[in-house]
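[1] predicted coordinates and the sequence they were generated for:
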Amino acid sequence: MEGLIAEHISKTYLESHGLSFEALKNISIKLEPGSFTCLVGESGSGKSTLARLLVGLEHPDTGKIFLDGEDTTNWNAEDWRKHRRKIQAVFQDTGGTLNPMLSVRRNVEEAMINLTDMTRKQRRERIGELMELTHMDSRLLNVPARQLSGGEQRRLSLIRAMSIYPRYLVLDEVLSGLDFISAEAVMTVLEQYHKEFECAFLLITHDIDSAYRLSDTILTIQCGQIIRVGIKNTKKGS
Ligand SMILES: Nc1ncnc2c1ncn2[C@@H]1O[C@H](COP(=O)(O)OP(=O)(O)OP(=O)(O)O)[C@@H](O)[C@H]1O
C-alpha cells in the first residue's frame, strides 16, 4: 500500500535524572501520496520526535512504520540510505544534513550526484531555479554553508531536499524565523512542488495561518497524542 504510515507508535526517552518521559503515545498517522498534512501543537508535544521516527532517525519503542508498503521499523542507516531518493526531511537544526565547510552549491549538488542521474547541466539549472524560487540570492552559491544565517541554512536544506524530487517530504519548522517575503516564497514553492509532483508533505509549524493555507489535513498533537484531525473541505459550493 502506498503512503508513509505510522501504526500505533510510541517513544519513551530516559531523561538525565533517571526518569522516563513518554514523548509519543500510541500515534497512528497516514500520509498518502499527493496529500499535504500539517502537524501543529505546543512546544514539547512531540512533533519533532514524530518527524524523526518517520524518516528513520530514531526507532519507535512500539508500533510500526511503513513506507510504500515496506516495513521500515527495523531498518538500519544503510537501508534508509537506499531510500533517501524517496523520502527527505528538513529539520530546524540543519547540522545533520548540511556540510558547513562546503559551498551552498556543493551541498545541494552532492545530494543530486549521490541520489539522481541528472547531468551537470540539469543539476546546475535545477539549483539555480530552486535558489530563485526560495528567494535565495544566487551570489550565495559559492559561499560556505556555515556563513549563512539560520533562515538561509533552512532554505538551503529545503533546496537540497527538493532538488532530488522526493515523493515524501517531512519539514520541521522550515518557515520559522523567515521574513515575510522569504516565508511567502517558501510557501509558494511548497505549493508548486506539491501540485506538480503529487508528493506527500508533512509540515510541522507553529503558524496556524500557514497550516490552513497549505494543508488539506491539520493534525493537532498534545502531550504525545493526536487529539484532533482537521480535514479541509475543498469541495466547491459546500
Ligand atoms: N533525546 C531525548 N532525550 C530526552 N528527552 C527528549 C529527547 N528528545 C525529545 N525529548 C523530549 O520529548 C518531548 C518532545 O520533544 P519534541 O522535540 O518532539 O517536541 P516538539 O513538539 O517538536 O517541540 P518544539 O515545538 O519546541 O520543537 C520534549 O519534552 C523533549 O524534552
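    Structure's in. What do you need?
[2] spell out which residues of this protein are next to the ligand.
    Residues of the chain lying near the ligand by CB under 6 Å from any ligand atom: 13, 15, 21, 23, 41, 43-49. Bear in mind the C-beta positions are built from the backbone N, C-alpha and C, glycine included.
[3] run the last query once more with 8 Å
    Residues of the chain lying near the ligand by CB under 8 Å from any ligand atom: 13-16, 21, 23-24, 41-52, 92, 172-173, 204, 206, 221, 224.
[4] of these, which belong to strands?
    13-14, 21, 23-24, 172, 204, 221 (DSSP state E).
[5] single out whichever of these has the smallest pLDDT.
    Lowest pLDDT among those: residue 14, with 88.
[6] let me see the contact set for the residue lying closest to it once chain neighbours are set aside.
    Using CB to CB, 6 or more residues apart in numbering and skipping the chain neighbours, the partner closest in space to residue 14 is residue 20 (5.5 Å). Contacts for residue 20 (CB atoms under 8 Å, 6 or more residues apart in numbering) come out as 12-14.
[7] same check, this time on residue 30
    Residue 30 sits next to 3-6 when contact means CB under 8 Å, 6+ apart.
[8] just to revisit the earlier point, in CSV: the ones in strands among the residues of the chain next to the ligand, plus neighbour count.
    Below are these laid out as CSV (neighbours: other CB atoms under 10 Å):
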residue, neighbour count
13, 14
14, 9
21, 11
23, 22
24, 26
172, 23
204, 26
221, 22
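[9] quick check, nearest of the residues you listed to residue 36?
    residue 204 (12.6 Å; CB to CB).
[10] partner residues bridging the closest one?
    For residue 204, the beta-bridge partners are residue 39, residue 172 (DSSP bridges).
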